[in-house]
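In: Turn this into a model:
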Amino acid sequence: MNASEESRITAASRGWRKRNDTPSLPEVHQSMKIPLKGSFLRKLLAFAGPGYLVAVGYMDPGNWASDLAGGAMFNYSLLSVIMVSNLMAILLQSLSARLGIATGRDLAQACRDHYSKPVSMGLWVLCELAIAACDLAEVIGTAIALQLLFGIPLLYGVLITSVDVILVLMLQNKGFRHIEIMVISFIAIIILCFGVELFLSRPDMAGILHGFVPKTEIVTNPQMLYIALAMLGATVMPHNLYLHSSIVQTRKIDQSLAGKRSAIRFATIDSTVALTIALFVNAAILILAASAFYSTGHTEVAEIQDAYHLLTPLLGTGMASILFAVALLASGQNSTLTGTLAGQIVMEGFLNLRLKPWIRRLLTRLIAIIPAVVVIGLYGEGYTGKLLIFSQVILSLQLSFAVFPLVKFTSDPAKMGPLVAPRWVRILAWIVAVIIAALNLYLLYGTFF
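Out: Okay, here's the model as predicted:
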């Protein structure tokens, strides 16, 4: 590293108001060594993992509800929304990884340092709402899967999901790599299940290709726009931006400028590959709904339970419904693991408040369980699908409050030094941030006026 580079890195550290003495997720911070020498593949495998934890949020039960509704109601038309949302996600997650590696701060810590206390507290509250909405989707999705596979009543299934805190604590105690392996295993189960489902449903390939072409009707049709925004909220997850900026720091990297540049490159490859897999899963859910439900006139299917019961008669085999439920259970459990980590990162980063993991997890889960129990108790099980889609719209509306700070920080040479995002990336990121904000304002206007 030459003198000018060293001075720029020193100047970048002055871009923050306070020195960051508390690492993100201290119990696993820099706990995994990266080989300084070795082949490209060996280094890539050492960095692989955080991207898959992030990808979990892009295929959680909330996605299922919005993707099923979109496919059943509008055929393949909203595939373009899934694709565009995924491209946005790849860009934003790469910025999240860049922030964590370059500054040694997660997004929550960066917000706490940069903004005034009232603004920081407001951002924390909004992020907690997003995590609660995401956790609500996980709770309902897991409970539905337990009901479909084992006949457990939905209300009891919701209560059972609180027990998964034990699984999370066991994995955290064994080391971060165990969490990554568990997550990747669940993703493999989901991919396998949907690969078989697509084979059984025999979708229209020409229709699929046409569905990836964006259409103006998506914006002009209020009902289609509502589902599209639910997809956006379910795909580009706000809490994932906080999560990714933290878990990339689990790797013990060379702290030189060259070492950080290399880490950013490998972390970007990791998240891009993982999110491309998530694109396949999301598209597969919508394609399954379009080929099985829309094409047979079942356009009203928006509930996961309805989809489960219809798959067997429509596809001619009971295996279709079983695989669907197994994939849903794997998706719910995966989301539980990453939701726990995100909650811990957000609370510790914004408030500098450290609670025991089981207390933090139980608080988050109770916030999700209470509305689920109330809705099921008052309105019955038929409203769970609407609750799932509504939770994803909440995520979408909160998204800008995570995206704008992220883009702002990674575009600031005073904070990032020589690792500031390239000019073309900054331009794209601001365009994405503005588009997301504009779509959400349009949704609010349409909803209230």
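In: Which parts of the stretch 51-200 of the chain are helices?
Out: Applying DSSP state H, counting those that start in this stretch to the stretch 51-200 of the chain gives helices spanning 61-74, 79-103, 107-114, 117-150, 154-160, 165-174, 176-201.
In: can you tell me which of these the model trusts least?
Out: Confidence, taken as mean pLDDT, is least for helix 165-174 of the helices of the stretch 51-200 of the chain (a mean of 65).
In: Can you tell me which of the helices of the stretch 51-200 of the chain is packed in deepest?
Out: helix 61-74 (a mean of 28; mean count of other CB atoms under 10 Å). C-beta coordinates here come from the backbone N, C-alpha and C atoms, glycine included.
In: Return that one as CSV; C-alpha atoms alone will do.
Out: Written as CSV, here are the backbone C-alpha positions of helix 61-74 (Å, rounded to 0.1, in the frame of the first residue of the first chain):
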residue,chain,number,x,y,z
PRO,A,61,-43.0,-17.8,3.1
GLY,A,62,-43.9,-14.2,2.4
ASN,A,63,-42.7,-14.6,-1.2
TRP,A,64,-44.9,-17.7,-1.6
ALA,A,65,-48.1,-15.8,-0.9
SER,A,66,-47.4,-12.9,-3.3
ASP,A,67,-45.9,-15.2,-6.0
LEU,A,68,-48.9,-17.6,-5.8
ALA,A,69,-51.4,-14.7,-6.0
GLY,A,70,-49.4,-13.1,-8.9
GLY,A,71,-49.2,-16.4,-10.9
ALA,A,72,-52.8,-17.4,-10.3
MET,A,73,-54.3,-14.0,-11.1
PHE,A,74,-52.0,-12.7,-13.9
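In: Now do it: distance to the chain's middle.
Out: When distances are taken as CA atoms, centre = their mean, to the nearest Å, helix 61-74 is centred 16 Å away from the chain's centroid.
In: got it, and stretch 309-327?
Out: Distance of stretch 309-327 from the chain centroid (CA atoms, centre = their mean) equals 26 Å.
In: Point out where the stretch 151-300 of the chain drops to low pLDDT.
Out: Counting by pLDDT under 70, the stretch 151-300 of the chain contains low-confidence residues at 164-173, 233-235.
In: that older thread, nearest to Thr340, out of the helices of the stretch 51-200 of the chain?
Out: Nearest of the helices of the stretch 51-200 of the chain to Thr340, taken as CB to CB: helix 165-174 at 4.7 Å.
In: which ones are touching Val213?
Out: By CB atoms under 8 Å, 6 or more residues apart in numbering, Val213 lies in contact with Ser80.
In: gap between it and Leu78?
Out: Separation of Val213 from Leu78 (CB to CB, to the nearest Å) stands at 11 Å.
In: With Leu148 instead?
Out: Applying CB to CB, the value for Leu148 to Leu78 is 25 Å.
In: same deal with Ile191?
Out: 21 Å.
In: and Phe293, how many neighbours?
Out: 26 (other CB atoms under 10 Å).
In: Nearest residue to Val273 in space, please, no chain neighbours.
Out: Nearest non-adjacent residue to Val273, counting by CB to CB, 6 or more residues apart in numbering: Gly51, 6.6 Å away.
In: Please tell me how far that neighbour sits from Leu275.
Out: 7 Å.
In: between these two, what contacts are shared?
Out: What both Gly51 and Leu275 touch, as defined by CB under 8 Å, 6+ apart, is the set Gln93.
In: More neighbours: these two, which one.
Out: Taking other CB under 10 Å, Gly51 and Leu275 do not tie; Gly51 has more neighbours (29 against 25).
In: my guess is that one meets Ala278, correct?
Out: No - contact criterion CB atoms under 8 Å: Gly51 and Ala278 do not qualify, at 9.6 Å.
In: Kindly give the local confidence score, pLDDT, for the closest residue to Ile277 other than its chain neighbours.
Out: Once flanking residues are discounted, Ile277 sits nearest to Ala55: 6.2 Å by CB to CB, 6+ apart. With respect to pLDDT, Ala55 scores 89.
In: Could you count how many residues lie near Ala55?
Out: Ala55: 27 surrounding residues under other CB under 10 Å.
In: what do you get for Pro222?
Out: By other CB under 10 Å, neighbour count at Pro222 equals 11.
In: ok, now how distant is it from Leu79?
Out: Counting by CB to CB - Pro222 and Leu79 are separated by 20 Å.
In: For the residue nearest to Ile277, give me its contacts.
Out: Here Ala55 is in contact with 187, 271, 274-275, 277-278 (CB under 8 Å, 6+ apart).
In: quick one: it from Leu395, how far?
Out: For Ala55 relative to Leu395 (CB to CB), the value is 16 Å.
In: next helix or strand past the top helix by length along the chain?
Out: When the chain is scanned for its longest helix (criterion: DSSP state H), the result is helix 257-292. Counting by DSSP states H and E, the next helix or strand C-terminal to helix 257-292 is helix 304-315.
In: Mind giving me the packing neighbours of that following helix?
Out: The contact analysis (3 or more CB pairs under 8 Å, 6 or more residues apart in numbering; DSSP states H and E) places helix 304-315 against helix 61-74, helix 117-150, helix 176-201, helix 257-292, helix 318-351, helix 384-398.
In: As CSV, could you dump the C-alpha coordinates of it?
Out: The C-alpha trace of helix 304-315 is given here as CSV (Å, rounded to 0.1, in the frame of the first residue of the first chain):
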residue,chain,number,x,y,z
ILE,A,304,-51.1,-21.4,0.4
GLN,A,305,-53.5,-24.0,1.8
ASP,A,306,-55.7,-23.8,-1.4
ALA,A,307,-52.6,-24.3,-3.5
TYR,A,308,-51.6,-27.4,-1.5
HIS,A,309,-55.0,-29.0,-1.9
LEU,A,310,-55.4,-28.2,-5.6
LEU,A,311,-52.0,-29.4,-6.7
THR,A,312,-52.8,-33.1,-6.3
PRO,A,313,-55.9,-33.2,-8.5
LEU,A,314,-54.6,-30.7,-11.0
LEU,A,315,-51.2,-32.3,-11.5
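In: Just the mean pLDDT for it, thanks.
Out: Mean predicted lDDT for helix 304-315 stands at 80.
In: quick one: it to helix 257-292, angle?
Out: Orientation of helix 304-315 against helix 257-292 (axes from the mean of the first three to the mean of the last three CA atoms, to 10 degrees) gives an angle of 60 degrees.
In: hmm, back to that, quick one, which of the helices and strands packed on helix 304-315 gets closest to Ala97.
Out: Among those, helix 257-292 sits nearest to Ala97 (CB to CB), with 4.0 Å.
In: buried stuff in the closest one?
Out: Using 16 or more other CB atoms under 10 Å as the test for burial, helix 257-292 gives 257, 260, 262-271, 274-275, 277-292.
In: what sits against the most centrally placed residue in the chain?
Out: Nearest to the mean C-alpha position of the chain, counting by CA atoms, centre = their mean, stands Gly57 at 2.6 Å. The contact partners of Gly57, by CB under 8 Å, 6+ apart, come to 134, 237, 239-240, 243, 335, 338.
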